[in-house]
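Undergrad: Have a look; sequence and predicted model below, questions after that.
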Amino acid sequence: MRRWPGATVTAWLAAAVLVTACSADGTSSGDAGAATTGTGGAGGDSTGTGGAGGDSCGGCPPGYDCIDGQCECLSPYQICAGECVSLTSDERHCGGCGHVCPEAEVCVGGACAMKLFWGDDPVDLAIDATHLYWIVAGWEEEFEGVPFYEGAAAYRVEKGMAAFESIYEDWSCRPTRMGVDATHVYFGCRAEQLFGWGDCVRRVETDGSTWLELAGGATSLALDDDNVYSGDVGAVWSTPKAGGEKTALLTGLEGYALSIVATATHVYVTTGYALIRYSKADQSSLTIADGAMGLVVDEASLYWTTLDSVRMAPIAGGDPTVLASGQQLARYVAKDDGYVYWGDLGEYAYRDGLSYTQGGSLWKVPIAGGEAEQLVSGLPDLRSLIVDEARIYWLAGAVYSMSK
């Protein structure tokens, strides 16, 4: 296992962009496919090492290890009510002895949460007033030696409910990043080598009835009233929501466009190397910070992550304030009226030639300043984070939701 060195930003950015197809002219449309339904279960996690203990111990109870002939409850386990349990995964002792998770919730990283969906590699989240949406990349298949992804789909679930529905299914496109407005879901679409099609953006009715392909990129996405803004390696484009040619806004960027936020007057882009502001009025651009990764914007301020910190600055200009430091791989960021929330990816590692992260965590800090609080720990492959008035939603091998 190797801890990710902060200096090697280029390699991290290349691995962090999800590889996810569209027709070359970007104009074809069709049915999204018949909707299917399912129900997410609690899927509780078991706890304890359950070691046999060896001859010297004669067998230890679940959770205990045999040490020098004695059964011992070792960290990260802890004795609660006479049992050796994991405070990060035991629904009866979640985050502390005697803290019982509500029915239909699981204990994940020491916090009680609803597990809404799992499997098929969920990669991003979006939210509107009534529903939570997510996209999944599916699984890799191969045809005559050329890889492609099968099972790519988009889903939604009504807030506060467990039954989800599929609103889009396709074997020709690997989704990446997504957004939603009052009528449509949009997501970046990574080209399939099998067909030789180009990257684009797909627009799907929120009820899954029809879809349309729009020209654009695949690694990041944002919306305003009229346009979709999408990015990829070295560039950011604007495409009318109704369809049409894409227009290059920024080119020659160093690295990938990781995050895009569109306001009424500007488009903000992070690349891992910089935070860039693009003016819609005069098409000028300005680098306003270095090393930015995740980004969220409100009427007054910009909030962003770097590899090791969370920062904010006035949207009108001014020196940044460090809200939190000492992070490992701070990436995703969200906010409400009182707090900034972020996801730290944890450690970066390899398995079977593929890159992934482990030991991720979720945090919050008051916007006005103060101590950062860890909310969830030990998350594998953290991918996305959003919040609404009442709940926090994230992806970590599954779709989770927890009360603030």
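TA: Done, it's in. As the structure is a prediction and not an experimental result, all values here were calculated from the model.

Undergrad: Can you pull the poorly scored residue ranges out of this protein?
TA: Low-confidence segments of the chain, defined by pLDDT under 70: 1-55, 143, 146-149, 171-172, 191-198.

Undergrad: okay, now the domains of it?
TA: 9-43+120-403, 54-86 (automatic domain parsing).

Undergrad: For C107, find the nearest of those.
TA: Of all the domains of the chain, domain 54-86 sits nearest to C107, with 8.3 Å by CB to CB. Quick note: C-beta positions are derived from backbone N, CA and C, even for glycine.

Undergrad: ok so, going back, so which of the domains of the chain is the most packed in?
TA: Ranked by mean neighbour count, the domains of the chain are led by domain 9-43+120-403 with a mean of 19 (mean count of other CB atoms under 10 Å).

Undergrad: and the residue nearest to the spatial centre of the chain, helix, strand or coil?
TA: Centroid-nearest residue in the chain, with CA atoms, centre = their mean: S384, separated by 1.3 Å. State at S384, reduced to three classes by DSSP: H, G, I helix; E, B strand; the rest coil: strand.

Undergrad: Might you report the residue contacts of L223?
TA: 179-181, 186, 229, 241, 262 (CB atoms under 8 Å, 6 or more residues apart in numbering).

Undergrad: what do you get for D120?
TA: 136-139, 151, 153.

Undergrad: Now tabulate the contacts of L223 in CSV and tack on distance to E103.
TA: CSV is the format used below for the contacts of L223 (distance: CB to CB, whole Å):
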residue, distance to E103
G179, 33
V180, 30
D181, 35
Y186, 36
Y229, 42
K241, 42
A262, 41
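
Undergrad: quick one: which of these sit in strands?
TA: Within the contacts of L223, residues falling in strands by DSSP state E are 179-180, 186, 229, 262.

Undergrad: and which of the residues you listed is nearest A81?
TA: Among the ones in strands among the contacts of L223, and counting by CB to CB, the member closest to A81 is V180, at 44.4 Å.

Undergrad: And the closest residue to the closest one other than its chain neighbours, how close does it get to W342?
TA: Spatial nearest neighbour of V180, excluding adjacent residues (CB to CB, 6 or more residues apart in numbering): A126 at 4.2 Å. The gap separating A126 from W342 is 18 Å, by CB to CB, to the nearest Å.

Undergrad: what's the answer for Y256, then?
TA: 19 Å.

Undergrad: next one: L258
TA: 14 Å.

Undergrad: Can you check which residues contact both of those two?
TA: With CB under 8 Å, 6+ apart as the test, L258 and W342 both reach G294.
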